[in-house]
Structures are given as structure tokens and as C-alpha cells.
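J.: Sharing a model prediction with you, sequence too.
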Amino acid sequence: MTDKVITQGRNNLDITHTRARAVEVAQRGKPDEAGKQPGVAHDAVELTSTVTNLRRIEAKLSVMPEINQSRVDEIRQSLQSGTYQVNPEQLAQKMLQLDRELA
């Protein structure tokens, strides 16, 4: 027994083109001979300016000593003697500078 293939969809619309398009899309997703899927980007890297700035800062920090012991001793002494003073304007400027470097 044979069945007739009906190419008419709902409301008697011809869906032959739609089926052909579906097959085309499905085949496009199959890997080619090199194993890559067409239409898919491979091995692409995009660095944002923030990442670039962070790498630059990281490079600068890598050559600096981790602890400036003489500065630590100086601040410790001024804290113990009660003479340590915070310069709010200098602190604000340093915070703004850091924000600009990270932006």
C-alpha cells in the first residue's frame, strides 16, 4: 500500500519551501570535513579595555615589593604615638586615581 505525500499544510498552504528551508538549516549545522560547524565562530578572543587596564596594573604591581616595611614601621610608630593624621583630600585623590585606572 502506498500513501500520497501531501505537500499542503494547514489551510491548504504549500509548505514545500518551508520543509526545504528546514532541511537546509539542519544541514548547515552539521560539521564540515575539518570538523568545524559552519556559521560558528572558532577561537575568537576579545579583550575589553577594563581587562587591558587590569593587566597593565598587574604588570606594574608584579615588580613592586609586596610590603614596604619601612612605611609600615613609620605608620605603626605614628599610630602608637597618636600623631597619625589622615589627609582626606589626598585620600580622595588616590581613590579617584584608582577608579580612573580601573575604568
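T.: All right, it came through fine.

J.: mind checking how far Lys60 is from Val86?
T.: Using CB to CB, to the nearest Å, one gets 25 Å for the distance from Lys60 to Val86. In short, each C-beta sits where N, CA and C put it, glycine included.

J.: Looking at these two, which one has more neighbours?
T.: Between Lys60 and Val86, counted using other CB atoms under 10 Å, Lys60 has the larger neighbour count: 10 against 6.

J.: so how many other residues sit close to Leu54?
T.: So Leu54, with other CB under 10 Å, has 14 neighbours.

J.: who touches it in this structure?
T.: Leu102 (CB atoms under 8 Å, 6 or more residues apart in numbering).

J.: gap between it and Gln97?
T.: 15 Å.

J.: start to end distance for stretch 77-93?
T.: Here the two ends of stretch 77-93 are set 25 Å apart, with distance taken as CA to CA, to the nearest Å.

J.: Sketch out the low-pLDDT regions of this protein for me.
T.: The chain contains residues with pLDDT under 70 at 1-42.

J.: any chance you could map the helices in this structure?
T.: Chain-ordered helices for the chain, with DSSP state H as the definition, fall at 16-28, 49-62, 69-81, 88-102.

J.: got the contact list for the third one?
T.: Right, helix 69-81. Counting by CB under 8 Å, 6+ apart, Tyr84 sit against helix 69-81.

J.: And the last one, by the same measure?
T.: Contacts with helix 88-102, where a contact means CB under 8 Å, 6+ apart, come from Thr50, Asn53, Leu54, Ile57.

J.: which residue packs closest to the last one, ignoring adjacent ones?
T.: Taking CB to CB, 6 or more residues apart in numbering, and ignoring the residues beside it in sequence, Ile57 has Glu101 as its nearest neighbour in space, at 6.1 Å.

J.: Tell me how far the one you found lies from Arg55.
T.: 12 Å.

J.: likewise Arg100?
T.: From Arg100 to Arg55 the distance is 16 Å (CB to CB).

J.: and the end-to-end length of stretch 79-90?
T.: Terminal-residue distance, stretch 79-90 (CA to CA): 18 Å.
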